[in-house]
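**Student:** Next one to model:
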Amino acid sequence: MKQTMKAIGPEIHMLNHIITKVLTCHVKAAGIDEITLMHGWILRYLYENREQATFQKDIEKTFSIGRSTVTNIIQILEKKGYVKREFVEHDARLKKVILTEKGKESHESIEALISRLDVMLEDGIEEEELALFFKVTDKIKENLRKQKVECSKGGPECLEHC
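**Tutor:** Prediction:
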């Protein structure tokens, strides 16, 4: 008997695509459509770390993205009024990246949208099902971490295009 089995990777990809489209739609409806997902993640990072000095290298490391990419993103966010850069007293070569009031407000609006989206995503899902979902996604993440380690060693378990 032939069973139709869904593959995990494509399902996750499709969910990510649909969630991104829905979130983008809500962001546009809220009038903050000039922020990309990566911009939103960086605004969140700056918001969560606003009590400490944050530098470009911190953003590069946190998001595993290159220096030029972060420079471009910061310039865009600065031009749109979401962040500003300030020199550090003890080292004029360093500039910390700081959220402006507009950046804080935008982040808070986006977080409210994400919270509402999470509530919508959980609709009709029992608590036990949700717990199982997170248990399974944790296992998938662990499997991927193991695969990443195996790939870095060049072992036989490495996927072809890792």
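
**Student:** Any idea how many residues pack against E122?
**Tutor:** E122 has 13 neighbouring residues, counting by other CB atoms under 10 Å. From N, CA and C alone the C-beta is placed, and that goes for glycine too.

**Student:** Surely it and A131 touch.
**Tutor:** No. The criterion here is CB atoms under 8 Å, and E122 misses it with A131 at 11.7 Å.

**Student:** What segments of this structure are helices?
**Tutor:** Ranges of helices within the chain are 8-29, 37-48, 56-63, 67-79, 101-121, 127-153, based on DSSP state H.

**Student:** Next, the buried residues of stretch 18-32.
**Tutor:** L23, H26, V27, I32 (16 or more other CB atoms under 10 Å).

**Student:** wait, which of those is closest to I8?
**Tutor:** Each of these was scored against I8 by CB to CB, and L23 proved nearest at 22.0 Å.

**Student:** Distance check, the closest residue to that closest one other than its chain neighbours against K21.
**Tutor:** Spatially, and ignoring its direct neighbours in sequence, L23 is nearest to L117 (6.0 Å; CB to CB, 6 or more residues apart in numbering). Going from L117 to K21 by CB to CB, to the nearest Å gives 11 Å.

**Student:** Check what pLDDT H26 gets.
**Tutor:** We have a pLDDT of 84 for H26.

**Student:** What count of nearby residues applies to R93?
**Tutor:** Look at R93: counted by other CB under 10 Å, it has 6 neighbours.

**Student:** Could you do L117 as well?
**Tutor:** Neighbours around L117, by other CB under 10 Å: 14.

**Student:** Can you name the residues that contact it?
**Tutor:** L117 is in contact with I19, V22, L23, H26, counting by CB atoms under 8 Å, 6 or more residues apart in numbering.

**Student:** Identify the residues contacting the third one.
**Tutor:** Translated: L23. L37, L113, I114, L117.

**Student:** Give me the residues contacting the longest strand seen in the chain.
**Tutor:** For the chain, the longest strand by residue count, based on DSSP state E, is strand 91-99. Outside strand 91-99, the residues that touch it by CB under 8 Å, 6+ apart are 43, 46-47, 50, 53-56, 59, 74, 82-88, 107.

**Student:** Buried residues, that strand. List them.
**Tutor:** So for strand 91-99, counting by 16+ other CB under 10 Å, buried means K95, K96, V97, L99.
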